[in-house]
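**Q** coordinates for the following, if possible.
(2 chains)
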Amino acid sequence: KAGVTQTPRYLIKTRGQQVTLSCSPISGHRSVSWYQQTPGQGLQFLFEYFSETQRNKGNFPGRFSGRQFSNSRSEMNVSTLELGDSALYLCASSTGQTNTEAFFGQGTRLTVV
Amino acid sequence: GENVEQHPSTLSVQEGDSAVIKCTYSDSASNYFPWYKQELGKGPQLIIDIRSNVGEKKDQRIAVTLNKTAKHFSLHITETQPEDSAVYFCAASMGGGDDYKLSFGAGTTVTVRA
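**A** Here you go, the predicted structure:
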């Protein structure tokens, strides 16, 4: 079966702009989590959605937001981009049950100039 | 929140030798511990995981051990091969309201020398 699909793979944006990233989970999975990966901070949790509801949120500013649709696809949005937002954004798909396996997509590489 | 520490940050081994990566966690409520392998330009790939009711788990050349009392867990790779070269991350999942969040270690860059 198909894995986790993230689009686009690469993005270049200018400071102050906003960006929307998309994630399609594995078929049948209802949970999508988002992580930011940078060389300095490593992998950091942004938020998790299950059945269109945000269940958990990490320590990121309000400029980072997300949503999930009825088909479990998820989007995350970053507004008023800053240079420090340059990172690899990863989404992880799981069934959403407690402590089950999470499978990652290839990520979206965002560069803010 | 949960804090996961991972050592070493880099590891170079001769092909055929074993590699061991160690992680410690801070919250005793954590009960799920996956390991991921990330190759250049790819997302993390789940390679093995262990839950708190198990002390050891093995899958071919890969094994993970968990010591809940000491709050540490380790990844063991035996008979290393060049394709094992990658960055490895340990993670821990807290119980309760933070069930749906993974806290990651900083990663270990493993290089297998031919």
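
**Q** what's the weakest-modelled helix or strand in chain A?
**A** strand A:53-57 (a mean of 93; mean pLDDT, DSSP states H and E).

**Q** name the residues that touch that strand?
**A** A:Phe45, A:Leu46, A:Phe47, A:Glu48, A:Tyr49, A:Gly66, A:Gln68, B:Gly97, B:Asp98, B:Tyr100, B:Lys101 (Cβ atoms under 8 Å, 6 or more residues apart in numbering or on different chains). C-beta here means a position set from N, CA and C on the backbone, and glycine is covered the same way.

**Q** for the closest residue to the fifth one other than its chain neighbours, give its distance to A:Ser33.
**A** Of all residues beyond its chain neighbours, the one nearest A:Tyr49 is A:Gln68 (3.8 Å), with distances taken as Cβ to Cβ, 6 or more residues apart in numbering or on different chains. Using Cβ to Cβ, to the nearest Å, one gets 11 Å for the distance from A:Gln68 to A:Ser33.

**Q** got any residues that touch both of those two?
**A** In contact with both A:Gln68 and A:Ser33: A:Tyr49, using Cβ under 8 Å, 6+ apart.

**Q** who has more neighbours, those two?
**A** A:Ser33 (28 against 23; other Cβ atoms under 10 Å in any protein chain shown).

**Q** remind me what whichever helix or strand the more buried one is part of packs against, helices and strands.
**A** Assigned by DSSP states H and E, A:Ser33 belongs to strand A:31-38. On a contact count with 3 or more Cβ pairs under 8 Å, 6 or more residues apart in numbering or on different chains; DSSP states H and E, strand A:31-38 meets strand A:42-50, strand A:74-78, strand A:87-94.

**Q** report the buried residues of it.
**A** By neighbour count on 16 or more other Cβ atoms under 10 Å in any protein chain shown, the buried set for strand A:31-38 is A:Ser31, A:Val32, A:Ser33, A:Trp34, A:Tyr35, A:Gln36, A:Gln37.

**Q** burial measure for residue 56, as a count.
**A** Since you didn't name a chain, this refers to chain A. A:Asn56: 16 neighbours (other Cβ under 10 Å).

**Q** could you do chain B instead?
**A** Using other Cβ under 10 Å: B:Glu56 sits among 13 other residues.

**Q** what's the closest non-adjacent residue to it?
**A** Closest to B:Glu56 by Cβ to Cβ, 6+ apart is B:Thr65, at 4.9 Å.

**Q** what helix or strand is the one you found located in?
**A** Residue-wise, B:Thr65 maps onto strand B:62-67 under DSSP H and E.

**Q** before we move on, back to that, the residue nearest to A:Tyr49 pairs with what?
**A** Using DSSP bridges, the beta-bridge partners of A:Gln68 come out as A:Ser74.

**Q** tell me the contacts of it?
**A** A:Val32, A:Tyr49, A:Phe50, A:Ser51, A:Glu52, A:Thr53, A:Gln54, A:Ser74.

**Q** pretty sure the fifth one sits against A:Ser74.
**A** No: using Cβ atoms under 8 Å, A:Glu52 makes no contact with A:Ser74, being 9.3 Å away.
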